[in-house]
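In: Provide a 3D model corresponding to the input given below.
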Amino acid sequence: MNELQRQIEEDYPTVPGVLQRCDFCTTLKPPERLHAWPCGDFVMVTVTAGDTLYLGCECHAAAELPGGGQGSRQGYRGAWAACASCRRDIDANRWGDVTARSLRNVLTRTPVDRTILEGMHAMFRFHRSDGPWQPYSSEARERP
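Out: As a prediction, this is how the structure comes out:
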């Protein structure tokens with residue numbers, strides 16, 4: 001769990017079976033109001049070189065990052081849950097709107113770099129299955 005995820009969990013803990021978090025914008029919703037998109041497991045690598053933040057996927061691009069990809073790693077496993085607003089924007093390929101909503105929700109709790117959110121969303125797009133959306137299930141979206 002990275003610092004951003006740890007801070008979100010401390011500030012807005014989930015209540016299994018009662019409230020769960022949208023993986024895209026972090027809003028809390030009852031599980032029956034979430035949908036899940038199947039996604040393959042991946043590890044996001046972040047490396048800072050000077051004033052520049054670089055992101056890559058461990059399985060595809062980490063070695064091409066500065067320092068050979070020796071940076072922080074965050075693993076993601078299983079399906080990603082989405083609230084109705086994020087699902088509509090994802091279906092319409094409006095990733096800028098998903099990122100803007102994420103920034104609005106997350107920045108109320110902790111500073112975060114827009115590049116990290118865009119990178120997480122890009123890696124989800126690369127690793128997601130062909131779909132379709134499925135009913136939310138906490139077992140389908142466990143994280144390491």
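In: okay, now Pro132: neighbour count?
Out: Pro132 has 8 neighbours, counted by other Cβ atoms under 10 Å. For the C-beta atoms, the positions are set from N, CA and C on the backbone; glycine is no exception.
In: Lowest mean pLDDT among the helices and strands of this protein, which one is it?
Out: helix 3-11 (a mean of 56; mean pLDDT, DSSP states H and E).
In: Give the buried residues for the longest strand along the chain.
Out: In the chain, assigned by DSSP state E, the strand with the most residues is strand 42-49. Residues Phe42, Val43, Met44, Val45, Thr46, Val47 are the ones in strand 42-49 that count as buried (16 or more other Cβ atoms under 10 Å).
In: just stretch 79-97 next, same as before
Out: Quick answer for stretch 79-97 (16+ other Cβ under 10 Å): Ala79, Trp80, Ala81, Ala82, Cys83, Cys86, Arg87, Asp89, Ile90, Trp95, Asp97.
In: These in strands, which ones?
Out: When the buried residues of stretch 79-97 are checked against strands (DSSP E), the matches are Trp80, Ala81, Ala82.
In: quick revisit: which helices and strands does the longest strand of the chain pack with?
Out: strand 52-57, strand 72-76, helix 114-127 (3 or more Cβ pairs under 8 Å, 6 or more residues apart in numbering; DSSP states H and E).
In: quick one: strands adjacent to that strand?
Out: Strand pairing for strand 42-49, determined by DSSP bridges: strand 52-57 (antiparallel), strand 72-76 (antiparallel).
In: residues near Gly75, how many?
Out: With other Cβ under 10 Å as criterion, Gly75 counts 13.
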